[in-house]
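>>> give me the fold of what follows.
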Amino acid sequence: MRAMILVLALALAACGETGPAGASAEYTLTTALAATPSETRLARLYEGSCKTCHTSRESGAPLTLDRGAWDPRWEKGVDTLLDNTISGFEAMPPGGLCFSCTADDYRNLIAFMAGREEPQ
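Predicted coordinates:
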């Protein structure tokens with residue numbers, strides 16, 4: 001009986017943890033799939049390069065607008081995120097395979113996906 005209570009307590013404690021690929025448990029994939037930058041150029045770049053991975057839990061990328069997944073990354077600073085984007089990081093290929101993105105495009109796309117309107 002004690003073992004069953006311990007297992008139940010551990011399972012309940014995990015409910016507030018992040019889910020697959022670092023996504024917050026309360027975050028829904030529907031939100032990521034529906035998100036699009038308001039600026040037309042950024043929306044095209046996002047659709048062509050970012051959206052495939054940042055709307056898939058299986059990719060390991062933080063989902064678009066999932067603050068629970070993005071906040072720890074954001075705390076490292078926009079410059080670090082920009083460097084990781086340009087150089088590639090873990091499973092992300094260099095530049096996120098966006099061959100027409102400028103540094104400003106990357107900053108704005110990162111800010112959008114992280115749930116911030118403008119980079120800091």
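
>>> just the pLDDT at T28, thanks.
On pLDDT, T28 comes in at 78.

>>> do the same with I5
36.

>>> and A25, by the same measure?
In this prediction A25 is given a pLDDT of 50.

>>> then S100?
96.

>>> how many residues are close by it?
11 (other CB atoms under 10 Å). (C-beta placed from N, C-alpha, C; glycine too.)

>>> quick one, what contacts the residue nearest to it when sequence neighbours are not counted?
Computed as CB to CB, 6 or more residues apart in numbering, the closest residue to S100 that is not its neighbour in sequence is L45, at 7.1 Å. Taking CB atoms under 8 Å, 6 or more residues apart in numbering as the contact definition, L45 lies against 98, 100-101, 105, 109.

>>> same thing with C50?
Applying CB under 8 Å, 6+ apart, the residues near C50 are 64, 96, 98, 109, 113.

>>> quick one: which of those residues sit in helices?
The helices, defined by DSSP state H, take in 109, 113 from the contacts of C50.
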